[in-house]
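*Asks:* Give me the fold of what follows.
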Amino acid sequence: MRNPGDILLLSTYELGHQPLLLASPLAFLKDAGFEPEAIDLAVQPLDEEAVRKAQLVAIAVPMHTALRLGVEVAARVRKLNRGAHLAFYGLYAPLNREFLLEQGASSVLGGEFEAELVKLARRLAEETKPGATRLVVLDRLNFPVPDRASLPPLKKYAHLLHEGGERLVGYVEASRGCLHHCRHCPIPPVYDGRFFVVQKDTVLEDVRRQVAAGAEHITFGDPDFLNGPEHVMRIVRAMHGEHPTLTFDLTAKIEHLLQHRALLPELRALGCLFIVSAVESLAERVLTILDKGHTRADVDEALSLVSAAGITLRPSLLAFTPWTTLDDYLELVDWIEQRNLIDHIEPIHLAIRLLIPPGSKLLELAETQSVIGEFAADRLTYLWDHPDPRMDALQRAAYATVESAAAAGEDPRTTFFRVKALAFAAAANRPLTVGRASHAPLSASHSRAPRLSEAWFC
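*Replies:* Have a look, this model is predicted:
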C-alpha cells in the first residue's frame, strides 16, 4: 500500500485555516514511506477517482461542524468505494464513536492519533485485517514538520484584517490537549487534563515554511497557549528573532491571563495582536456549572490587563445555555456595549447555543440531566429546551439575524444593536421582529480591532 492514492485524507472544515489535521498526518505517513493524498473539502472539490482507488480513507473531525460535514462525506465515500477502510480521526471522533461505527466507520481515533494512523496503514498495506485500534491515544509523539506542500495555498484561507489591509495567515500548534476540565469543552473527555507539547524546532520550521509561502501573521491554535508558558515563550521569542515583523494571535483562559500577567507586555512586543479567551458567560451560576475557573470580576481584570499591554482581547461567548436567564443575556449585551467590546466580539457569539455531545462532562451533572432530552443523530448533540420559552425564541431570532446579516455583509456593529433590540423585545414580551438598527453603522474611516476574516465558530 505504498502507491499514490492508496491513502486519502479528507478535511471538511478547520476554522478557516489551512488544515493542520491534514498536514500533520501527511508528514507522519510520508516519513513511514507512504504517499498519501489529501483534499481540503472546505476549498476543494471531492476527487471521486481518488476515493475509488483508495484503500484507506481517513476523515478529520476536529469540531462539531466538521463532524456533521464529515458524516455526509463518509456517505459519499461509501457509495464510491465500499471496500475502503473508512476512518475518522480528531477530537470529535472518540466522542461520537458509537454513532460513527453505526454510520460505517471501520476505525475511530482521537488524541495523539498520528502514530496509530500509521500503524493502521501498515496493517492494511500488509493485507491483514487491522484488528482493534486504540480509540484515544495519549502517547507522547516526536512530531515531524507538518507537510503542507500539497495543500491549497494560504490565500484560500482566512486573512488577518488589520489597519485597513489584509495579510495572509499561517496556523501552527505548539501544544495539544489541555490541563483543565471545563465541562462544556470537548477536550477534557478525550485528554482528561493532559497536554502534549510540539517540539520547538518543529514549530519554528513550520513557521518558516509558512512565512516563505507568504504568511505575515500566525495563529497559534493551541487549546490554551499558556498551559506551558515557558515552552511557548521560547517559541515566540525565537520566532520574533527570525521574523521581526511577523504578528500572531493566541487563545488563553482568563485565569491564565491573570496568572501570567507579567508576560503580556512581552507578548505584545513580540508581535501578539489579539488574544481569544473563552469568557462564555458573566453569570455566576453558568460559570460554576461550566467549571470555567473565572468570575465576572476576573474577566474585567483580564480585559484591563490585556488592553494595558496594547493587545486586543476577543472574548468568545456561549450566550445560550439551559441555565442562562433572559436577565443574564440582557446584562451580557449591556456589558459588551459599556466595555466598548462590540468590535471585539463577532455577532455569531451572541447566538451560539450550547452543544452537549456524547461523552460531555456536562452529562455527569444533575443540572444537565434535568433539562436534556434525547440524542439527536441528525444534529450530533443532546437536545434541550430552555425552561423559559422566551430564551429559545430569542436564540432562534438572534441566529437568523446574525446569519442574514453576515450574508448581506452588514456592519457587525449594526448587527449587534439589532440583536440587542431582539433581547429587549423578548423582555417586554413583544414579537421578536426587528427593523433598521437604532444605532448608526461605523463610519468608513473607523479602524476596527485586528481580527481574522472568518469568524470563530465550532
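
*Asks:* Give me the three-state assignment for Leu168.
*Replies:* strand (DSSP: H, G, I helix; E, B strand; the rest coil).

*Asks:* Let me see the contact set for it.
*Replies:* Going by C-beta atoms under 8 Å, 6 or more residues apart in numbering, Leu168 touches 154-155, 159-160, 213-217. C-beta here means a position set from N, CA and C on the backbone, and glycine is covered the same way.

*Asks:* quick one: which two of these are the most distant?
*Replies:* Greatest spatial distance among the contacts of Leu168 (C-beta to C-beta): Leu160 and Ala213, at 14.8 Å.

*Asks:* Report the buried members of the contacts of Leu168.
*Replies:* 154, 159-160, 213, 215-217 (16 or more other C-beta atoms under 10 Å).

*Asks:* surely Tyr157 meets Glu166?
*Replies:* No. With contact defined as C-beta atoms under 8 Å, Tyr157 does not count as touching Glu166 (11.8 Å).

*Asks:* Neighbour count for the two, which is higher?
*Replies:* Set Tyr157 next to Glu166 and count neighbours by other C-beta atoms under 10 Å: Tyr157 wins out with 24 against 14.

*Asks:* What pLDDT does the model give that one?
*Replies:* If you check Tyr157, the pLDDT there is 97.

*Asks:* quick one, domains of this structure?
*Replies:* Domains of the chain are assigned by automatic domain parsing as 7-135, 158-317, 319-451.

*Asks:* Tell me the helices and strands packed up against the longest helix along the chain.
*Replies:* Counting residues, the longest helix found in the chain (DSSP state H) is helix 389-408. Judged by 3 or more C-beta pairs under 8 Å, 6 or more residues apart in numbering; DSSP states H and E, helix 389-408 is in contact with helix 326-338, helix 412-427.

*Asks:* Show residues contacting the shortest one.
*Replies:* Surrounding helix 326-338, the residues in contact under the criterion C-beta under 8 Å, 6+ apart are 281-283, 286, 317, 319-320, 341-342, 345, 350, 388, 390-391, 394, 416, 419-420, 423-424, 426-427.

*Asks:* For Val371, see how far away Ala426 is.
*Replies:* 19 Å (C-beta to C-beta, to the nearest Å).

*Asks:* scratch that, Leu86
*Replies:* For Leu86, the distance to Val371 - C-beta to C-beta - is 35 Å.

*Asks:* Is Val279 in a helix, a strand, or coil?
*Replies:* Three-state call for Val279 (three-state DSSP): strand.

*Asks:* Not including adjacent chain positions, what is the nearest residue to it?
*Replies:* Leaving aside its chain neighbours, Val279 sits nearest to Pro315 (3.9 Å; criterion: C-beta to C-beta, 6 or more residues apart in numbering).

*Asks:* my read: that neighbour touches Leu341, true?
*Replies:* Yes. Counting by C-beta under 8 Å, Pro315 touches Leu341, with 6.8 Å between them.

*Asks:* more crowded one of these two?
*Replies:* Pro315 (22 against 18).

*Asks:* And for the helix or strand in which the more buried one is found, what's in contact with it?
*Replies:* Following DSSP states H and E, one finds Pro315 within strand 312-317. Residues outside strand 312-317 that contact it (C-beta under 8 Å, 6+ apart): 257, 273-281, 299, 302-303, 306-307, 332, 341, 344-345, 349-350, 352, 449-451, 456.

*Asks:* Sheet partners, orientation included, of that strand?
*Replies:* Sheet pairing of strand 312-317 (DSSP bridges) gives strand 272-280 (parallel).

*Asks:* quick one, the longest helix of the chain and helix 412-427 angle?
*Replies:* 160 degrees (axes from the mean of the first three to the mean of the last three C-alpha atoms, to 10 degrees).

*Asks:* Can you list the buried residues in helix 389-408?
*Replies:* 390-395, 397-399, 401-402, 405.

*Asks:* Including distance to Gln18, could the residues you listed go into TSV?
*Replies:* TSV is the format used below for the buried residues of helix 389-408 (distance: C-beta to C-beta, whole Å):
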residue	distance to Gln18
Arg390	42
Met391	38
Asp392	37
Ala393	39
Leu394	36
Gln395	32
Ala397	35
Ala398	31
Tyr399	28
Thr401	31
Val402	26
Ala405	27
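
*Asks:* From the chain's centre, how far out is the strand holding Pro315? Work that out for me.
*Replies:* 14 Å (C-alpha atoms, centre = their mean, to the nearest Å).

*Asks:* State the mean pLDDT of that strand.
*Replies:* Here the average pLDDT along strand 312-317 is 97.

*Asks:* all numbers from here: first residue = 41
*Replies:* Understood, numbering begins at 41; the last thing we discussed is strand 352-357.

*Asks:* With only the CA atoms kept, save that strand in PDB.
*Replies:* Output of strand 352-357 as PDB, limited to C-alpha atoms (Å, rounded to 0.1, in the frame of the first residue of the first chain):
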ATOM      1  CA  THR A 352      -6.900  43.300  21.900                       C
ATOM      2  CA  LEU A 353      -8.900  40.800  23.900                       C
ATOM      3  CA  ARG A 354     -11.500  39.000  21.800                       C
ATOM      4  CA  PRO A 355     -13.900  37.100  24.200                       C
ATOM      5  CA  SER A 356     -15.700  34.100  22.800                       C
ATOM      6  CA  LEU A 357     -19.200  33.600  24.300                       C
END
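
*Asks:* quick revisit: okay, Leu126 and Val411: which has more neighbours?
*Replies:* More neighbours surround Leu126 than the other of Leu126 and Val411, with 21 against 18 (other C-beta under 10 Å).
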